[in-house]
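Colleague: Below are the sequence and a predicted model; questions follow.
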Amino acid sequence: MCTLALGEIPTKQLNDGTVTPMMGYGTYKVGFIPASASASGGVASGEGAAAKDVVKEALQMGYSFLDCAQFYGNEAAVGEAIRESGIPREKLYLASKVWCDNIHEGKTAVRAQLQKTLRDLGTSYLNLYLIHWPVPTKHVAAYQDPMAMGRAEIWIV
């Protein structure tokens, strides 16, 4: 197994001073395949324990940037892996994405999903919170509430 010490993955300083790792670990289909994923045949499958073990191993290998999402269905298992890793939160870069069902429902649903993501990941903040799949005429308004909460760095381009 190839491992890197935490911090060995190159980083990039953004214009606002934020430092982001240039390589991250994506958690899509890690321990869980969403029902609407093309390869699932319309049936969700997998178990959280496998996701926890895989993500924990990624953290042990030196990954510090975890790319998560509501749609992936495994944020609670990712949170368990983070807790069990013993790596301090400030050493991690956590990104998540809100799915179109909540965006379509509006700001309240997006806020509720952000709160659930924070609980599942076991953190009080995200480094990056994204729109996973925009909903025309809805996605800008849906982000105004989480921005006001100050729980994520959000850029609308």
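Modeller: Structure's in. What do you need?
Colleague: most residues in a single strand of the protein, which one?
Modeller: strand 93-98 (DSSP state E).
Colleague: partners of that one in the sheet?
Modeller: As defined by DSSP bridges, the strand partners of strand 93-98 come to strand 65-67 (parallel), strand 128-131 (parallel).
Colleague: Could you look over those and pick the most buried one?
Modeller: Most buried of the strands paired with strand 93-98, by mean neighbour count (mean count of other Cβ atoms under 10 Å): strand 65-67, with a mean of 21. Every C-beta, even on glycine, is put in place using the N, C-alpha and C of the backbone.
Colleague: between the helix or strand that that one is followed by and strand 93-98, how big is the angle?
Modeller: If you walk from strand 65-67 toward the C-terminus, the next helix or strand you reach (DSSP states H and E) is helix 75-85. If you take axes from the mean of the first three to the mean of the last three Cα atoms, to 10 degrees, helix 75-85 sits at 170 degrees to strand 93-98.
Colleague: Buried ones in helix 75-85, by neighbour count?
Modeller: The neighbour-count check on helix 75-85 (16 or more other Cβ atoms under 10 Å) flags Glu75, Ala76, Ala77, Val78, Gly79, Glu80, Ala81, Ile82, Ser85 as buried.
Colleague: Distance of the nearest residue to Ser85 once chain neighbours are set aside relative to Ser124?
Modeller: Ranked by Cβ to Cβ, 6 or more residues apart in numbering and with sequence neighbours excluded, the top spatial neighbour of Ser85 is Leu59, at 4.4 Å. Leu59 sits at a distance of 19 Å from Ser124 (criterion: Cβ to Cβ, to the nearest Å).
Colleague: next one: Lys91
Modeller: 15 Å.
Colleague: what about Gln60, neighbour count?
Modeller: Around Gln60 sit 15 other residues, with neighbours defined as other Cβ atoms under 10 Å.
Colleague: before we move on, the earlier item: JSON lines for the strands paired with strand 93-98, including distance to Gly31 and mean pLDDT?
Modeller: What follows is these, written out as JSON lines (distance: least, Cβ to Cβ, whole Å; pLDDT from 0 to 100):
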{"stretch": "strand 65-67", "distance to Gly31": "13", "mean pLDDT": "97"}
{"stretch": "strand 128-131", "distance to Gly31": "21", "mean pLDDT": "86"}
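Colleague: Among the ones you listed, which comes closest to Val98?
Modeller: strand 128-131 (6.3 Å; Cβ to Cβ).
Colleague: If anything else comes up later, I'll come back, but that's it for now.
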